[in-house]
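> Sequence first, predicted model second:
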Amino acid sequence: MISKFDYYKADSLEKAVGFLSEKPGTKVLAGGTDLMILLRRNKETCRHLLDIKGIPEANVLSFTPGEGLFIGAAITVNEICEDNGIREKYAALSEAADSLASYQIRNRATLVGNICNASPGADLAAPLLVYNGKVHISSKEGNRVVELKDFFTGVKKTVLKENELVVGISIPDVEPGDSSVYLRKSRIKGHDLCNVGLALRLTAERELLLAIAAVATTPIRLTELEASIKEKEITPELAEWLGDEIRKYMNPRRNSIRSSPEYRLHIAGVLAKKGLLNLLEKGAN
Amino acid sequence: MEKREYRHIGKPLDRAEALEKVTGRATYVHDMELPGMLYGKSLHSPYARARIVSIDTSDAKALPGVKAVLTGEDTSHLIGLYMIDKRIIASGITRYQGEVVAAVAAIDEDTAEKAISLIKVEYEKLPAVLNIDDALEAKILVHEDINELEYLKGVFFPQPDSNIASWNKTITGDVEKAFLESDFVIESEMYLPAAAHTPIETHVAIAEVNPYSDKIKIWSSAQSPFAIRQLMAKSFGIPEGEIQVIVPYVGGAFGGKAGVHLEPLAALLSKACKGRPVKVQATREEEFNQLPSRAGMRSKIKTGVTKDGKITGFKAYYDWDSGAYADYGVNVGKTAIYSGAGAYEIPNVEIHSRTLYTNKVFSTAYRGFGHLETHWAIERQMDIVAQKIGMDPYEFRMKNILEPGKHTISGEIISESTGSPGDCLTAVAKAINWTGYQSEEERKAQMKTGKVRGKGIALLQKAPAMPTSTTTSAIIQMDGDGNAKVLIGAIDMGQGANTAMRQIAAEALDLPIEKVEVVWEADTHKNPYDWQTVASKFTYMGGNAVIRAAEDAILQMKKVAAQVFRCEADKLEHKDGYIYHVHHMEKRLPYGKLARGYAYENGNAIGGVVIGRGTYIADGLTNLDAETGQGLPALVWTYGAHGIDLEVDIETGDIHIFKIASAFDVGQVINRKVIEGQIIGGVLQGLGSALFEGMIFNQEGKLMNPSFTDYKIPTAMDIPDEMVPICIENPQFDGPFGARGVAEHPMISVPSVVGNALYDALGINFYELPLSPENVALAIVNNKKED
Amino acid sequence: MCNHHENKNCFEYVDSQMPRVFLELVVNGEKVQELIDPTMTLLNFLRINLKLFGTKEGCGEGECGACTIIMNNRTVNSCLVLAIEAQDADILTVEGLSKDGELSVLQQEFIKYDALQCGFCTPGMLMSARALLDRNPDPTTEEVKEGIAGNFCRCTGYQTIVDAILSAAKREREELR
């Protein structure tokens, strides 16, 4: 690591966004599991490190009936895994959290950090997309909320400006009978990035929603596919059809060393079929 | 030999150094800090092949805290085990992406890293040799001076004006005639990519060059302190005795640390820093990208067979994508000519093994030393041939398997003492309930469920690949309490050499185990010579040396005791730490009373310090004939086999292994825990190669996965449900208590056995590794399309 | 000698006059106070400043787990944690597992089951095992494998490690009664 930086831990949101505005060359430190690697490999450099783990709003993990779930920027992935309330309401989110990296990493990595890192294969993005996540952004100029589906702009790129900070991500409440699942395929059974990560959600109104990671430059919500399913009856036969159909809605890139586009397309279909069958089984019980 | 119950041999003794390891007290070179120590770092070439146009080190030199900056201009030393073809720092031309083009030494790692970033290099990118066919075509030569390189003549055969670092062959009988006379001739081409050792402790060395005497002291995480000494002496042009190499604990090696790697660079830096010790530690990325790998290899095999399953002829071309420098690569290639037809008797054989230079990170020794690579092809081919002739692959193997009285392909006659591949194969077939391939109907029925089960078997063999005059030694010293200290020249990198030697010494001396210690840390100034801790030879050779050292110590003690008891030395026996008279058993002396000579009551003293000395040299070995490959290269064969029972998810391509049983004819188990650890660890490492490991290079020859993010190795979640080690004990008559080595063997044929089971499960033959979920799933999809 | 004001190639850190930061924490039950470089990782702090060499660097990128320690009752890869982030933290490393020269049950079982060969991954592995048993005193085989999945071992094949942890779990449960 060539960077030489000073370190500032803000104890309020105001101080944090103030620091960000005043000090160019600042990087935000939450869990550090992405940033430390980038700094070590000298892919990024910085002069100042802003630790946000002391900001009260960032440490909020709360559910309000009718409103939904708020996950603060400092909430770790393991805190998500260990929350039974989330597992009951938002199964896909918990399952995606379970699958992220290793136990040690999950003790530090934050959900918001995973989203802000904006890897095309960000595991937590797909569940948050099917739950219509909203990103709460703060800066010296004020606050704004961006729909997660509009948040990613490219490989490791987001709409965040240099002086902006994500305070947390929220997802709305769901009706009873709403269910979801997260399926992923990686190269090994141990900790690994995913070749494909797929979140499926069946709303209480029997609407099927899908989002997928690692098949495009960003995680994507498959709105066109959802539209084509809208009038169809959700049955096991549909699962078979879905497995073939989903492949038409993605165009994975050729030059990845992790997986070929052929396999990603193939496995996306396999996971879609398995996912829907899984949801139908859950619903039947 | 009848099966004996021993006092220590065969017992599952705890490792003595386990205490240091579980408390964090074990000191690896990774942990070492010396007074005045500086830190070295390297700059690497970004291109597969390039000319260095200019290097500007002025900014790096000016950085405070930087004590030395070196480029290829500062050293003309060449180094190499068998081909002297490598510079310590590249000069003029760089031959692989990752090669060292400059190095610095500074007061701390951060400063060193900063200094590296300040070095400006101008390169002229050149076209490169990036695959086996390019290498064979030789339009571009990786070593333009290949005709002038110094090399070990008579053993390796570099081809002029080519990229062939060595072309070794075995030609015996008449293979073309055999093919004409066979009922079936089956040809296959197999491939496997380069692989990384990934020891958890990366390569690291500290060197201190005395500025007044030029003597060099080295601490290294290495397998072969004496080889480092020898190679550096040659390279630096100084006597061996002027170099001292010390190896403390080693955090894994697997062959990657067998030779000389960072030590010469550390020494050059130390010399440039007026003799301050310099530590050079590879980052994980450098471990993948600068330090050597296991070579990728392509096999073209042709087998002639009669319809009742007798192999008549075997022809193979093994082409090794061996990277930019020969290192151990040429010797790895050479083993293929005497081991590269498998554990079978085949009358007509033609094997060509060509170690090729390419512009990639170079290859070195890797657990199995070429055998995992050749056996991927050999044991897959055995199954493919069995399929073609409609024979059970177990029966087919047993029909051709080596047995006492049969010949290896280099002309060696197998005896009772060599061990039994048949016993190993039968044991694993039984362990997985092998009943032959399932039928196509059975397969189709399973496919409907989405998961298909399959079983496979595979055979293996390996003997140490080493010079015919390889030798080792041991010293045993005792103190006044009769406690014995054993000094050996091999190192313990976790394979348990020290533990095994402790048990052997204690058995031979007939002492309680607590009274015997194998001194940790190898020091070339103090420990007796061992060639290298490689080749799975140390249990056999070192064990024999230790027994001889024990016998020598006992003899010395007997001579003194004989005088004291006023009898002949042959009336004396040793037991439980005493020398005693066989008839007048009250006449006895404990070792401690003899260890430093014996003093009579009146003061007269006889004898002296007891120092047991033992040495062992490989005997009866011969060089191989350059044309026919005939000779006696193998000191001791260890045979083995695997049987596997797995299930494939036909949609995802995931493989779930219920059980893998692995049997080895080890002759005599010295330590059951240690040997089973070697087997299970080696099998899992083999599964890594089988299922997902492989170095990925892009079109420009750049290594694309130099990190654990994309070079995946097995985790605890990736292990089979059951890994069953089976130790067969047909004794090696001249082994220590009948023992043979088995450290490398567990990896060999693991990929083949998985490939064979995949045929049973899917009816699809695989020819390339890794058998990843992706490759399996897409093969199934493509197979369906063809139906 | 370098004249820092004038030499533009000077070491940025010195130039920038960035302060050292004061770190206070508890390591293996002992209070520690030091002035450190803010860019220092917790791993390097433990090894270089506190001379606790048991914890190792295997990759520096949070993949291999050789640097695993327990921070505030949770395992972390210390190579990815800045030392300053451990302000007021309670740290446990391999050196803190045994007390008064007595090996812990976990360490004893590792030796007994030969859950180590070269030993380099062992400290990190022990910490993951310790944390696993702290949160789940009666794990299944599958849970043990999940618990140590973030720790690479290239030598053992993991089987003996799993067996050692299961055995230690059993002994610890029995000793509690």
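Great, that's in hand. Numbers count the residues shown, from 1 in each chain, chains lettered A, B, ... in the order given.
> residue contacts, residue 70?
Went with chain A since none was named. When contacts are counted by C-beta atoms under 8 Å, 6 or more residues apart in numbering or on different chains, residue A:70 is found next to A:60-64, A:168-170. Heads up, the C-betas are built off the backbone N, CA and C, glycines and all.
> I was after chain B.
By C-beta under 8 Å, 6+ apart, the neighbours of residue B:70 are B:89, B:102-104, B:268-269, B:272.
> For it, give the beta-bridge partners.
Beta bridges link residue B:70 to residue B:103, judged by DSSP bridges.
> in the chain, which helix has the most residues?
Using chain A here. The longest helix of chain A (DSSP state H) is helix A:261-284.
> let's do chain B instead
Criterion DSSP H: the longest helix present in chain B is helix B:538-565.
> And that one, what's buried?
Buried residues in helix B:538-565, defined by neighbour count with 16 or more other C-beta atoms under 10 Å in any protein chain shown: B:538-554, B:556-562, B:564-565.
> which SS state does residue B:741 fall under?
Recorded secondary structure, residue B:741: coil (DSSP: H, G, I helix; E, B strand; the rest coil).
> That one reaches residue B:639, doesn't it?
No - using C-beta atoms under 8 Å, residue B:741 is not in contact with residue B:639; the gap is 11.9 Å.
> residues near the residue in chain B that chain A sits nearest to, how many?
Of all residues in chain B, residue B:715 sits closest to chain A, at 2.8 Å by C-beta to the nearest C-beta. By other C-beta atoms under 10 Å in any protein chain shown, the residues close to residue B:715 number 25.
> And for residue A:161?
When neighbours are defined as other C-beta under 10 Å, residue A:161 has 11 of them.
> what does residue A:66 give?
6.
> And for residue B:92?
9.
> Let's see the pLDDT reported for it.
Looking at residue B:92, its pLDDT reads 96.
> That one contacts residue B:52, correct?
Yes - Residue B:92 lies in contact with residue B:52 (C-beta under 8 Å); the separation is 6.3 Å.
> Poorly predicted segments of chain C, please.
Counting by pLDDT under 70, chain C shows low-confidence ranges at C:1-19.
> quick one: what helix or strand has the residue nearest to the spatial centre of it in it?
Per C-alpha atoms, centre = their mean, the C-alpha nearest to the average position across chain C is that of residue C:69, at 2.4 Å. Residue C:69 belongs to strand C:68-71 when assigned by DSSP states H and E.
> residues making contact with that strand?
A:104, C:42, C:46, C:55, C:75-78, C:81, C:86, C:89-93, C:123-125, C:127-128, C:130-131, C:150-151.
> Just the ones in helices from those, please.
Those of these mapping onto helices are A:104, C:42, C:123-125, C:127-128, C:130-131, per DSSP H.
> out of these, what pair is the most spread apart?
C:42 and C:125 (18.3 Å; C-beta to C-beta).
> Mind giving me the packing neighbours of the strand or helix carrying residue A:199?
Applying DSSP H and E as the criterion places residue A:199 in strand A:194-202. Packed against strand A:194-202, as judged by 3 or more C-beta pairs under 8 Å, 6 or more residues apart in numbering or on different chains; DSSP states H and E, are the following elements: helix A:91-99, helix A:125-130, strand A:179-186, strand A:208-213, helix A:261-284.
> Many thanks, I have nothing further to ask.
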